[in-house]
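# What follows is a predicted structure for the sequence shown.
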Amino acid sequence: MKNQEINKHKKPRKLLDQVRDMCLKHYAYRTEHTYTGWIKRFILFHDKKHPGEMGEPEVEAFLTWLPVERKVAKSTQNQAFNALIFLYREVLKCNKGIFSYGCPAMP
């Protein structure tokens, strides 16, 4: 009875904690650190909107913004793209069609 009461009052885990947990199962520490950083940047880019509420337009806007405004290399853009793939497929367990177009080309 007590376990049910305790579990009922537990706060849901934060998104980045979920990302870290998933990374620990499959990836090196450095990959976890890098992916977490890209996911944070993605969320902050969209004014702290939850990724579950976003889809293809938001992902494309972020990935296009990187080379245009931040002047990042294609490999850096691909790294951010892979972090978002991990977020949506492994952590959120959804595929909103955001990966059908691939990474946007650099301007």
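Structure's in. What do you need? Every value quoted in this text rests on a predicted model; they were computed, and no experiment measured them.
# any idea which helix is longest in the chain?
helix 29-45 (DSSP state H).
# Flag every buried residue along that helix.
Applying a neighbour-count criterion of 16 or more other C-beta atoms under 10 Å, one finds 32, 34-36, 38-39, 41-43 buried in helix 29-45. Quick note: C-beta positions are derived from backbone N, CA and C, even for glycine.
# repeat for stretch 60-77
62-64, 66-67, 72, 77.
# Any chance of those in CSV with distance to L92, pLDDT and secondary structure as columns?
Shown next, in CSV, are the buried residues of stretch 60-77 (distance: C-beta to C-beta, whole Å; pLDDT from 0 to 100; DSSP: H, G, I helix; E, B strand; the rest coil):
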residue, distance to L92, pLDDT, secondary structure
F62, 16, 94, helix
L63, 17, 92, helix
T64, 22, 92, helix
L66, 21, 94, helix
P67, 25, 93, helix
V72, 24, 94, coil
Q77, 21, 93, helix
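# Point out the other elements, helices or strands, that the strand or helix carrying W65 touches.
Counting by DSSP states H and E, the element that carries W65 is helix 56-69. Counting contacts by 3 or more C-beta pairs under 8 Å, 6 or more residues apart in numbering; DSSP states H and E, helix 56-69 is packed against helix 29-45, helix 74-86.
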